[in-house]
Each structure stands twice: as C-alpha cells, then as structure tokens.
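Q: Next come a sequence and a model predicted from it.
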Amino acid sequence: MKPELSITKRIRTTPFTSRVEACGVKGYAVYNHMLLPTKFRSLEEDYWHLCEHVQVWDVSCERQVEIIGPDAERLVQLMTPRDLSRAKEGMCFYVPLCDETGAMINDPIAIKHDKSRWWLSIADTDVMLWAKGLATGYGMDVRVFEPDVCPLAVQGPKAEELTARLFGEEVRDIGFFRYKRLAFEGHEMLVTRSGWSKQGGFEIYVEDAEVGRQIWDALFDMGKDLNVGPGCPNSIERIESGLLSFGADMGYDTTPFECGLEKYVSLGADIDSLGIIALRRHKPTKKLVGVVVEEPIVTVETALYVNGQSAGEICSQVWSPRYQAHLIFAMCRLEEIAGASMIDVITTTGQKQGRITSLPFDFEELGLKG
C-alpha cells in the first residue's frame, strides 16, 4: 500500500475540497501549504478531456500576497526586474521575482488593482515572508498579508463559452492577461483571462467561500452539454506547452536567463529593482532546454550525458500521447552541450539518445505530428 497523506491544519483544505472529492479526485499534492488536486481519471484521460472540452480546477493553492499602501507599487517593482512603470488597472503581468543576486524567488502573476493595491498570485514558495522583510528593511509604508482568496480556473477550448454562460457576454471582451470585475448573484469578483494551460481559459478569484461553492455548482449545471468535468494542472499538457514549474524547472539557484524568462527582464529600464544590477552583470553557465526521445522510456537517473560526461539533469518529464515522444525539460551546462545536438538518457532498457531542442517545443520543426 502507498503511504497516506495526513491532512492537518498545516495542510489546508480549500472551500472546494468537498466538491473535488465528490468528483472522485484520485490524488493530491501540497502546494503553498494547501491541497492541490493532481488527478481525477488518469493522467492521459485528464489530458485529452482538457484538450477537447472544458474543466473546472480548484487552484485555491495559488495564494495571493496582497500589498497595499502608498509604497505598494514601489515594493512590487523592487521584487521584480520586469519594468512595471506602464502597468494600469485591469492588467496582469507574469513576473520573475529575483533576489539581490538575480536568482529566482518565485514567478507569480502580478495583478494591479490600483497604484496602492497589488496582488501577487504566487507559485509554491513563501513570498509573503520575503515581501514583509523587504518592506520592513526598506521602511516602506505598506501592509503585506495573505487575503482569503481562492481562485477557480475554467480551462479548455470550451472555457469561454462556459464562463460567458456564468457571467455574461462581457467575458468574451477580456483580453489575454487582462481582467474585469464581474458579478455573480450580486457578488462582484475579479475574472482574468489566464491559467496554467495553453488550452485557453479564465481564473475566477473567489473571496467568499459559500459563493465560490455556488459558482462551482453553477459551472457544472451550465456546462453539461459542453462535457464539463473536474480537472487540475496536467503535466502532459503543461510540458507540451512549455509551461514552467517553480521548484522543478527553476528555483533559488536559477536566474531568469537560465530558464528562458529573459524577455521578462527589463535590463535597459531605469527601475529600482533588487536584482537588476546583478542581472546586468550575469553570464549564464547553464540553460533549461528540451530533450525529445522518440520512444517510451522509464528513466533510472536524472543525470544526462554527452560523450560520457555528465552534462545536465532532468527537471520534468512526461510521455506525450499526442506526439508519441518522451518530452523532457533539462537544466544543462552550456559548456558541456556546446555543439551537441544529442544527449544520452539512462533508462531501464539502457542508454537512449534524445534530441536537444529549445523551449517551448516546436513540434513541426521536430517533425512530430500530433
């Protein structure tokens, strides 16, 4: 038998846990000290359903760090090397958060309510503690806390139709990484066109647990003809799409340049950012790359080799049923893979060769047809 996960007060349930369990959830992870569903049918069945229909995800674990006060915008800018000077209300931004060495702390979505109020919708690290420390150390006039906000995601090719049924046609006018405040049963909430998949969708930021459960039920009632179902972030879809996971594909020892996030670093901007000076001087020695093995494999070690020499390490991997290939995200040392097009993977059936490629995967260029 597999060991059980003991759920205590340190591992929080969500307002939707009863609904998730009624839908037959088969697995959980712990993310930001909270339950995150990981599987409902099987990994592959969940994948095809997400790609063909519409799913409702409990992503309450996407905790919000709220920064409010006269220095709110100053603090958010200090935390990221991305220039936010043109940010306006109604906009969301994917932002690498970097420390004084330029190393990653998190990669949240920053949501601007107004100049004196921001949310950071965070990945799995304790950003609130870091933000509090910076605010105290720099003597900023802000309050930093975690509001009781539990997002629901509606993801998949039919997500727009379902979300419009819930909130009205105004949903269709929301641009990518934009938001509107929309009403459900007299309760206003923030709705963004975003989500941790490339299938299209929305995130609904729920601030009232009971209203959130009503929204969950309404989405399932309204989406029966769309084949709505429960879902969760899917590793097949996210790796195919090139979406990164903090703590797996990047971490405290990684800079944005090393994990392919350089376009979110405003090197030439005149901004007061904690990591910008270090990043201007930074010379990467490693890089996150893709590796493609065109047969099913089971790896037995994370190390990867070029000419018998260790060259990198597997970060994330999955078998793609669509492209009939084993897809890998690997952090490789630039010196070791210089000039190499192939890399060796150690599997249960011996050493296999994989093609090195850039991320996100260009399946057409790779000759892989879905």
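A: Received the coordinates, thanks. Numbers count the residues shown, from 1 in each chain.
Q: per-residue pLDDT, the closest residue to residue 85 other than its chain neighbours?
A: Leaving aside its sequence neighbours, residue 85 sits nearest to residue 271 (Cβ to Cβ, 6 or more residues apart in numbering; 7.0 Å). In this view, the C-beta of every residue, glycine as well, is placed from N, C-alpha and C. On the pLDDT scale, residue 271 is placed at 98.
Q: Would you agree residue 271 is in contact with residue 76?
A: No: at 11.0 Å, residue 271 does not count as touching residue 76 under the criterion of Cβ atoms under 8 Å.
Q: These two: which has the busier surroundings?
A: Under the criterion of other Cβ atoms under 10 Å, the comparison of residue 271 against residue 76 puts residue 76 first, with 24 against 15.
Q: The more buried one falls within a strand, correct?
A: No: Residue 76 is assigned helix when assessed by DSSP: H, G, I helix; E, B strand; the rest coil, not a strand.
Q: Excluding sequence neighbours, find me the nearest residue to it.
A: Nearest-residue entry for residue 76: residue 118, 5.0 Å, with adjacent residues in sequence omitted and distances by Cβ to Cβ, 6+ apart.
Q: give the contact list for the one you found.
A: By Cβ atoms under 8 Å, 6 or more residues apart in numbering, the contact list for residue 118 reads 66-68, 72-73, 76, 110-112.
Q: 6 Å - rerun?
A: 67, 72, 76, 112 (Cβ atoms under 6 Å, 6 or more residues apart in numbering).
Q: now for these, which pair is the farthest apart?
A: The most widely separated members of the contacts of residue 118, counting by Cβ to Cβ, are 67 and 112 (10.5 Å).
Q: Looking only at neighbour counts, state which of these two leads.
A: residue 67 (28 against 20).
Q: Just say helix, strand or coil for the residue nearest to residue 76.
A: Put simply, residue 118 is strand when judged by three-state DSSP.
Q: how much space is there between it and residue 59?
A: Using Cβ to Cβ, to the nearest Å, one obtains 19 Å as the distance from residue 118 to residue 59.
Q: and if you look at residue 139?
A: Residue 139 is 35 Å from residue 59, where distance means Cβ to Cβ.
Q: Skipping adjacent residues, who's closest to residue 91 in space?
A: In space, residue 91 is closest to residue 112, 5.8 Å off (Cβ to Cβ, 6+ apart).
Q: One more: residue 240?
A: Using Cβ to Cβ, 6+ apart, the closest residue to residue 240 is residue 320 (5.8 Å).
Q: Given the longest strand along the chain, what are its sheet partners and their directions?
A: When the chain is parsed with DSSP state E, its longest strand is strand 309-320. In the sheet, strand 309-320 lines up against strand 299-306 (antiparallel), strand 325-333 (antiparallel) (DSSP bridges).
Q: rewinding a little: can you put the contacts of residue 118 in TSV and add distance to residue 122?
A: Formatted as TSV, these follow (distance: Cβ to Cβ, whole Å):
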residue	distance to residue 122
67	12
72	16
76	12
112	16
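Q: Residue 344 reaches residue 351, doesn't it?
A: Yes: using Cβ atoms under 6 Å, residue 344 makes contact with residue 351 at a distance of 5.2 Å.
Q: Give me the more crowded residue out of the two.
A: Neighbours per residue, other Cβ under 10 Å: of residue 344 and residue 351, the larger number sits with residue 344, 18 against 9.
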